[in-house]
Structure formats: structure tokens, C-alpha cells
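Chemist: the following comprises the amino acid sequence and a computationally predicted model.
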Amino acid sequence: RLTQSHTGSYLAQVTADCLKRFGLEKKLHTLTMDNVSNYDATAEHLMTLIDGFCGKLSRSRCFPHTVNLIAKVHVSSPFCSLTG
């Protein structure tokens, strides 16, 4: 359970603790996350907590989330008419 503000350093520490608790820290290669800016900071902080994790280079942005954001913009566009 997250008990603090979702800063990059806090999310990285909680993630690293969880991975270490289950012995998975050496299996972490990539994280797929939404496009929130604090996830960039999470990836950078994880680099200092997990050996072999390459920070932002190991972060993948969630493609379905990106498509959803684009669709929302398109549907809310005044040039888009759902009635034909």
C-alpha cells in the first residue's frame, strides 16, 4: 500500500523493495508505465537502487495509453461529429 505522495523517488523505493522481497531485482529489464512525468524520475531513481537497470533507457511508455489519449482528443474535437 502506498502511504506517501507518489514522487519518483518514493515509487522507485517501493518498487525496488517489492522486487527485492521476491528476489526479482536481477530480472528487471524494462518497465512499462503511463506517460506521467514522475515516472521518468521513478526510472532514474530505480537506476540507483537496482543494479543493471538503465533508468530512462529501460522505461517503455504504454502504447495503449498513448492511443487512448489521442482518441480522446480526436473525439472531443469540434471537427469530429458522431452523428454523421
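Modeler: Good, I have the coordinates.
Chemist: can you pull the poorly scored residue ranges out of this protein?
Modeler: For the chain, the stretches with pLDDT under 70 are 78-84.
Chemist: need the residue closest to the centroid of it.
Modeler: M33 (2.3 Å; CA atoms, centre = their mean).
Chemist: who's in contact with that residue?
Modeler: Y39, T42, A43, R59, S60, R61, C62 (CB atoms under 8 Å, 6 or more residues apart in numbering). Where C-beta positions appear, they are placed from N, C-alpha and C, glycine not excepted.
Chemist: mind giving me the ChimeraX command for buried ones among the residues you listed?
Modeler: Restricted to buried positions by 16 or more other CB atoms under 10 Å, the ChimeraX selection for the contacts of M33 reads:
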select :39,42,43,59
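Chemist: out of the contacts of M33, name the ones that lie in helices.
Modeler: Residues of the contacts of M33 located in helices (DSSP state H): Y39, T42, A43.
Chemist: residues contacting the nearest residue to L19 once chain neighbours are set aside?
Modeler: Spatial nearest neighbour of L19, excluding adjacent residues (CB to CB, 6 or more residues apart in numbering): E25 at 4.4 Å. Going by CB under 8 Å, 6+ apart, E25 touches A16, L19, I50, D51.
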